[in-house]
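**Q** Any chance you can model this:
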Amino acid sequence: MKSPEGIEEKVPNLNELREKIDSLDKELLSVLAERMALIPQVAQYKKINNVPRFQPDRERIVIESRRAIAEELSVSPDLAEKIMKLIIEDAHRIEKGVIGE
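**A** From the prediction side, this is the model:
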């Protein structure tokens with residue numbers, strides 16, 4: 001493929017692109033694992049300090065801020081919101097196991 005300046009550009013093959021995607025997926029999941037490992041600590045803090053497990057205002061702020069970050073990064077804000085809602089849902093499951101109802 002030639003650039004507008006007429007310089008040959010190497011187009012990665014499909015396997016190279018897939019390897020890069022696989023590597024990025026692993027990084028995403030690694031960061032997610034780090035994030036989720038903090039949830040029991042948050043739950044323990046809430047339990048000790050009598051902080052409500054469910055905090056809708058905090059969830060709203062998290063989702064809105066992640067939508068804004070996604071937009072800055074040219075990622076679909078709707079996708080970011082869906083991902084964050086799933087993460088929050090799983091965080092509730094973990095917190096429930098630590099705090100109970």
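**Q** would you list every one of the strands in this structure?
**A** Using DSSP state E, no strands are found in the chain.
**Q** where does it dip in pLDDT?
**A** Under the criterion pLDDT under 70, the flagged ranges of the chain are 1-8.
**Q** Try it again at 90.
**A** 1-12, 100-101 (pLDDT under 90).
**Q** Which helix in it has the most residues?
**A** Looking across the chain with DSSP state H, the single longest helix is helix 14-48.
**Q** Just the buried positions in it, please.
**A** 39, 42-43, 46 (16 or more other CB atoms under 10 Å). Using the backbone N, CA and C atoms, a C-beta is placed for each residue, glycine as well.
**Q** How about stretch 83-101?
**A** 83-84, 87, 91, 94-95, 98-99.
**Q** circling back to that earlier point, using CSV, please lay out the buried residues of helix 14-48 together with distance to Pro77.
**A** CSV is the format used below for the buried residues of helix 14-48 (distance: CB to CB, whole Å):
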residue, distance to Pro77
Ile39, 24
Val42, 25
Ala43, 28
Lys46, 28
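**Q** Of those residues, which is the nearest to Asn15?
**A** Ranked by distance to Asn15 (CB to CB), the buried residues of helix 14-48 are led by Ile39 at 36.5 Å.
**Q** Disregarding residues adjacent in the polypeptide, which is nearest to that closest one?
**A** What sits nearest to Ile39 in space, not counting adjacent residues and going by CB to CB, 6 or more residues apart in numbering, is Ile94, at 4.4 Å.
**Q** Since that was my last question, I'll sign off now.
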